[in-house]
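Asks: Following is a predicted model, sequence given first.
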Amino acid sequence: QVQLVESGGGLVQAGGSLRLSCAASGRTFSSYAMGWFRQAPGKERDFVAATSWSGGSTYYADSVKGRFTISRDNAKNTVYLQMNSLRPDDTAVYYCAATRASASNLASSRRADYWGQGTQVTVSS
């Protein structure tokens with residue numbers, strides 16, 4: 001069992017930055033691929049970014065490439081999402097996800113073994 005707790009969301013002006021964190025419980029964190037998804041009101045949950053268990057492979061949605069960076073610290077059981085050059089259409093609830101499958105599978109299938117409760121990110125224009 002893995003529990004995921006996100007933090008770091010908030011209100012920011014367009015062009016600003018935020019860093020989301022996802023703290024995971026359990027001693028097998030390093031064996032999971034991790035990812036971030038987001039869901040805006042009235043829309044489906046969309047893939048944002050994913051990283052392999054080692055952090056050596058990363059995947060991004062086209063809409064965030066060059067602006068967002070996913071990283072992980074296995075010693076701290078934490079995965080991060082650094083978000084720069086934020087835009088109003090980045091406004092959403094952001095969810096952390098963990099999977100025993102690969103990061104590429106997480107990106108393509110949107111299916112995870114565990115989900116966090118979400119953290120709100122609001123970007124004002």
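Replies: In hand now; what should we look at?
Asks: pLDDT score for the residue nearest to residue 24 when sequence neighbours are not counted?
Replies: Leaving aside its sequence neighbours, residue 24 sits nearest to residue 77 (Cβ to Cβ, 6 or more residues apart in numbering; 4.6 Å). C-beta coordinates here come from the backbone N, C-alpha and C atoms, glycine included. Looking at residue 77, its pLDDT reads 95.
Asks: now do residue 5
Replies: In this model, residue 5 is scored at 97, pLDDT.
Asks: Can you name every helix or strand that the helix or strand containing it contacts?
Replies: Residue 5 belongs to strand 4-7 when elements are defined using DSSP states H and E. Helices and strands touching strand 4-7, by 3 or more Cβ pairs under 8 Å, 6 or more residues apart in numbering; DSSP states H and E, are strand 18-24, strand 92-99.
Asks: would you list every one of the helices in this structure?
Replies: In order along the chain, the chain carries the following helices (DSSP state H): 103-109.
Asks: quick one, strands of it?
Replies: Taking DSSP state E, the strands of the chain run over residues 4-7, 10-13, 18-24, 33-39, 46-51, 58-60, 68-73, 78-83, 92-99, 114-115, 119-124.
Asks: wait, isn't the residue nearest to residue 24 in contact with residue 28?
Replies: No. Counting by Cβ atoms under 8 Å, residue 77 stays clear of residue 28, with 9.7 Å between them.
Asks: So the two - more neighbours on which side?
Replies: Between residue 77 and residue 28, counted using other Cβ atoms under 10 Å, residue 77 has the larger neighbour count: 19 against 13.
Asks: In contact with the more buried one, which residues?
Replies: Contacts for residue 77 (Cβ atoms under 8 Å, 6 or more residues apart in numbering) come out as 23-26, 29.
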